[in-house]
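>>> Show me the folded form of this:
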Amino acid sequence: MLKKLFGLGKKEATPIQPQEEVIHAPLTGKLLAIEEVPDPTFAQKMMGDGLAIVPTEGKVVAPVTGEVIQVFPTKHAIGIKTIGGLEILLHIGLETVNMKGEGFTTHIKEGDQVKVGDLLVDFDLALVEGRAASTITPIVITNMELIESMKKEEINEVVAGETPVLSIKYSG
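Modelled structure (predicted):
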């Protein structure tokens, strides 16, 4: 009777949807606007909006707390879903898919839970500089329909796992 009276039955608790979320820099380096990425897929926001970083070291960390939803077989790209449902693509360098994973070491797998600053991927920055079109790393939100507004920080240099780079306000 108490279960019925106080709603303590079998009903599962629904997770609380955050109203705002902060995305931190996943790499240390120079922050760029997504429009500055020398690849039309990213610059024209065909996959979504975001920003990019020119890395100064070969380490990628989680920019948010969430779940790893995709690790590309070539290890050059990672997808993470935040607690609030944002899907974020981290694409290490441009034309790095052609490297077929050479120079990349992943430290996570699909389904792993991560928090801001957790190591995701190490990569050989010099090798990427020599073999890929660019080391510029786009950070793209691929499901923009969840977002009411997005504030991009006006800073130049960022530190992996420490510097906030985007503030997201959810719609609804």
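
>>> could you give me the average pLDDT of the host helix or strand of Leu90?
Under the criterion DSSP states H and E, the helix or strand holding Leu90 is strand 87-91. For strand 87-91, the mean per-residue pLDDT is 98.

>>> repeat for stretch 152-163
Stretch 152-163 comes out at a mean pLDDT of 96.

>>> do stretch 96-104 as well
Stretch 96-104 comes out at a mean pLDDT of 96.

>>> In PDB, could you pull the C-alpha coordinates for it?
Presented in PDB, the C-alpha positions along stretch 96-104 are these (Å, rounded to 0.1, in the frame of the first residue of the first chain):
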ATOM      1  CA  THR A  96      44.100  11.200 -40.900                       C
ATOM      2  CA  VAL A  97      41.800   8.300 -41.900                       C
ATOM      3  CA  ASN A  98      44.400   7.500 -44.600                       C
ATOM      4  CA  MET A  99      46.900   6.800 -41.900                       C
ATOM      5  CA  LYS A 100      44.900   3.600 -41.000                       C
ATOM      6  CA  GLY A 101      45.500   4.000 -37.300                       C
ATOM      7  CA  GLU A 102      49.300   4.300 -37.600                       C
ATOM      8  CA  GLY A 103      50.600   6.600 -34.900                       C
ATOM      9  CA  PHE A 104      47.400   6.400 -32.800                       C
END
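
>>> which parts of it are buried?
Buried residues in stretch 96-104, counted by 16 or more other Cβ atoms under 10 Å: 96-97, 99, 103-104. (Glycine included, C-beta is placed from N, CA and C.)

>>> what separates Glu35 from Lys75, distance-wise?
Using Cβ to Cβ, to the nearest Å, we find Glu35 at a distance of 27 Å from Lys75.

>>> more neighbours, the two?
Neighbour tally, Glu35 and Lys75, criterion other Cβ atoms under 10 Å: the higher count belongs to Lys75, 22 against 12.

>>> The more buried one and Thr106 touch, don't they?
Yes. Using Cβ atoms under 8 Å, Lys75 is in contact with Thr106, at 5.1 Å.

>>> and for the lengthiest helix in the chain, what are the contacting residues?
Counting by DSSP state H, the longest helix found in the chain is helix 125-131. By Cβ atoms under 8 Å, 6 or more residues apart in numbering, the residues outside helix 125-131 that reach it are 55-58, 92-93, 96, 98-99, 102-103, 135.
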